[in-house]
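Undergrad: 3D model of this:
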Amino acid sequence: MSNDVIGSLAESISSIATTNKQLTDAAEAIGKGNFNVPFVPRNDDDVLANAIIRMKDNLKRFTREIEKSKEQFRQVADNAPVMIWMTDENKQCNFVNKGWLRFTGRTSEQELGYGWIEGMHPDDYSRSAEIFDDAFNSREQYSVEYRFRRADGSYRWLSETGAPRYSTEGKFEGYIGTCVDIHEMKVHEQRRDNFIKMASHELKTPITSIKGYVQLLLNMYKDHNENKGQFSSQAIQASLTTIDKQIIKLNRLMSELLDLSRIDSDRLELNMQNFQLNDLITESVEDVQQTTKHEIIIKNGTICKVFGDRDRIGQVMLNLLSNAIKYSPKTNSIEVNIYQPAKNCVAVSVSDHGIGIDQEHHQKIFERFYRVEGKSEQTYPGFGIGLFIASEIIHRHNGSLNVKSKRNEGATFTLTLPILS
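TA: Purely as a prediction, here's the structure:
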């Protein structure tokens, strides 16, 4: 073989080796996602090079579609009205949306992996983790409720739902889930449960008392018939008086429950009429004055007529006066002031000198089932719906009901109504 042939063969082998290295480098770069690698086929018949170029173009297109799909998911997730999270196949969090970050006030880096656990209430972690682990191991959907720390440091109840997620090939890739803030609902449920317990107790108390005194009277009557014993007029009067008071209390409690039902079903009817507000206030005070040792003082700063349901507004006044008496057992005076804060309205305030109400409860006491918790408040009976009903009645008259109070400094409740022009 001539030197020329050998030289030509060596040159061809070197060219093939160079081309193969270019093909290998290009294929490796493309596999890593580098679609801008410079690569040109030697000629139109270079089958392998042309195949690599087609592969590069296809992978580039597929990658763009995947990135587009990911970006669409991020946009949907970040604008969703719920908190969204994902885990990998090892239970580690690998995604949280902006809703989650807004709620927690933390960064993605802080929440990913197992960082999110720092936000869960310690008392809820074991139970929640057990539910998640059981579902994860069996690849099932699950739901759980727990408390989680919000950005302001307070713990809020969340409802979490999670489900397994799979690749297009059916490979398990972890879990995806959502969290919804249900704190207000949980608080309302707790108040409702407390209300049911309280209602049961409050209704049983007068019934038990009535039953006891009726049994006493029956025994007195039986003793009179069998042994010709004498009736004690004082005992009879005291028993009947107590029975009457308990019937009045029971009737009031039942009326509150009926009013609550009417409000819920929007069937609280108002019999609107023109009437003298001052006369109604005087009548309400006189009715209450007969049942209390407190001195109730009326200050008529103005005299006016209003258009409304006389009985319902009277109901509100009785509630405010009864509360003033109930929550000021160590004092003996209550002031009722009628005045005009503006030309188009009239205000009636009821002031006591009792235990008072902390600022944090001022708005909440007008909510359904709300009761102020504390050692002092626990000694007073009630459903926790009286002020809610009173507020609803006044608001349906286009008026307002508010309170000014400090702890241990008494309270002033003020209702405001439009004046009849």
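Undergrad: switch to C-alpha atoms for all contacts and neighbour counts from now on
TA: Noted.
Undergrad: show me where the stretch 301-421 of the chain has its helices.
TA: Counting by DSSP state H, counting those that start in this stretch, the stretch 301-421 of the chain has helices at residues 310-326, 386-395.
Undergrad: same deal with the stretch 101-250 of the chain?
TA: 108-111, 122-138, 183-227, 233-264.
Undergrad: the longest one - contacts with which helices or strands?
TA: Read that as helix 183-227. strand 155-166, helix 233-264 (3 or more Cα pairs under 8 Å, 6 or more residues apart in numbering; DSSP states H and E).
Undergrad: same list (these) but as TSV, adding mean neighbour count and mean pLDDT.
TA: Converted to TSV, the helices and strands packed on helix 183-227 look like this (neighbours: other Cα atoms under 10 Å; pLDDT from 0 to 100):
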stretch	mean neighbour count	mean pLDDT
strand 155-166	18	95
helix 233-264	15	80
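Undergrad: closest to residue 101 out of these?
TA: Evaluated over the helices and strands packed on helix 183-227, closeness to residue 101 peaks at strand 155-166, with 14.5 Å, by Cα to Cα.
Undergrad: and the contacts of the closest one?
TA: Outside of strand 155-166, the residues within contact range by Cα atoms under 8 Å, 6 or more residues apart in numbering are 121, 136, 139-150, 172-183, 186.
Undergrad: rebuild the helices of the stretch 101-250 of the chain as CSV, extending it with distance to residue 305.
TA: As requested, the helices of the stretch 101-250 of the chain are exported to CSV (distance: least, Cα to Cα, whole Å):
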stretch, distance to residue 305
helix 108-111, 62
helix 122-138, 57
helix 183-227, 37
helix 233-264, 26
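Undergrad: residue 309: which of the ones you listed is closest?
TA: Counting by Cα to Cα, residue 309 lies closest to helix 233-264 out of the helices of the stretch 101-250 of the chain; the figure is 14.4 Å.
Undergrad: can you give the domain ranges for the protein?
TA: 3-72, 82-181, 187-264, 272-418 (automatic domain parsing).
Undergrad: pick out the shakiest of those domains, pLDDT-wise.
TA: Here the domains of the chain differ in mean pLDDT, and the lowest is domain 3-72 at a mean of 59.
Undergrad: if we can go back for a sec, name the stretch among the helices of the stretch 301-421 of the chain that sits most buried.
TA: Comparing these by mean neighbour count (mean count of other Cα atoms under 10 Å), helix 386-395 ranks first with a mean of 21.
Undergrad: centre of the chain to that one, how far?
TA: 21 Å (Cα atoms, centre = their mean, to the nearest Å).
Undergrad: please apply the same query to stretch 172-185.
TA: Relative to its chain's centre, stretch 172-185 lies at 16 Å (Cα atoms, centre = their mean).
Undergrad: what sits up against that stretch?
TA: 82-91, 136, 156-167.
Undergrad: swap the cut-off to 6 Å and go again
TA: 82-89, 156-166 (Cα atoms under 6 Å, 6 or more residues apart in numbering).
Undergrad: and what of stretch 142-149?
TA: 119-121, 124, 155-162.
Undergrad: any idea how far residue 359 is from residue 156?
TA: Separation of residue 156 from residue 359 (Cα to Cα, to the nearest Å): 22 Å.
Undergrad: sorry, back to before: among the helices of the stretch 101-250 of the chain, which is nearest residue 276?
TA: helix 233-264 (24.6 Å).
Undergrad: which neighbouring elements make contact with the helix or strand that comes right after that closest one?
TA: Beyond helix 233-264 in the direction of the C-terminus, DSSP states H and E gives the next helix or strand as strand 272-276. Under the contact criterion of 3 or more Cα pairs under 6 Å, 6 or more residues apart in numbering; DSSP states H and E, strand 272-276 touches strand 305-309.
Undergrad: the strand it packs on vs helix 310-326, what angle?
TA: Taking axes from the mean of the first three to the mean of the last three Cα atoms, to 10 degrees, one finds strand 305-309 and helix 310-326 inclined to each other by 90 degrees.
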